[in-house]
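# One predicted model, sequence on top.
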Amino acid sequence: ASSSPLLARVISLSTKRPGGKKNASKDLVRKLKQAKQPSEVSRLLEDDQGIVNMFVVSAAVSQLRRLGKPHEALAVFERAKARGLEPNVVVYNALISACEKGGQWEKALELFDEFQQRGLEPH
């Protein structure tokens, strides 16, 4: 799973795009939420035209969690952090839930510790 096109695309994403970014980002988030397969999430990220922010990452992570792909969700998260994006509460919640569903309790606890160290508060 670590060599998927999704992971390669996330690492190469640009976080800057002039004009129209907000509406394009909302449209991409809507499409990610409707994805039925991990490959569809991957395709949407590949076609994103550089529109990536933590809201888009959050939508991708959340949808991969819903699709039962915690490893892919975690990889998207790690790549986004490596690109300098700051994780938000929604992303951490989705990842912790994905790890719990996948039986990865140690990783869930590790993420919760990281969440607290960043000074984030659960909603």
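Cool, the structure landed. Numbers count the residues shown, from 1 in each chain.
# C-alpha from now on. contacts and neighbour counts both.
Noted.
# I'd say residue 54 and residue 85 touch.
Yes - contact criterion Cα atoms under 8 Å: residue 54 and residue 85 qualify, at 6.4 Å.
# which residues of the chain fall in helices?
Secondary structure of the chain, counting by DSSP state H: helices at 5-11, 21-34, 38-46, 54-66, 70-82, 89-101, 105-117.
# Quick one: mean pLDDT over the second one.
Model confidence over helix 21-34 averages 86 on the pLDDT scale.
# Going by contacts, tell me the helices and strands next to it.
The contact analysis (3 or more Cα pairs under 8 Å, 6 or more residues apart in numbering; DSSP states H and E) places helix 21-34 against helix 38-46, helix 54-66.
# 7 Å instead, please
helix 54-66 (3 or more Cα pairs under 7 Å, 6 or more residues apart in numbering; DSSP states H and E).
# ok so, going back, could you export the helices of the chain as a markdown table, including mean neighbour count?
A markdown table is the format used below for the helices of the chain (neighbours: other Cα atoms under 10 Å):
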| stretch | mean neighbour count |
| --- | --- |
| helix 5-11 | 19 |
| helix 21-34 | 16 |
| helix 38-46 | 19 |
| helix 54-66 | 24 |
| helix 70-82 | 21 |
| helix 89-101 | 21 |
| helix 105-117 | 14 |
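# Lowest average pLDDT across these?
helix 5-11 (a mean of 57).
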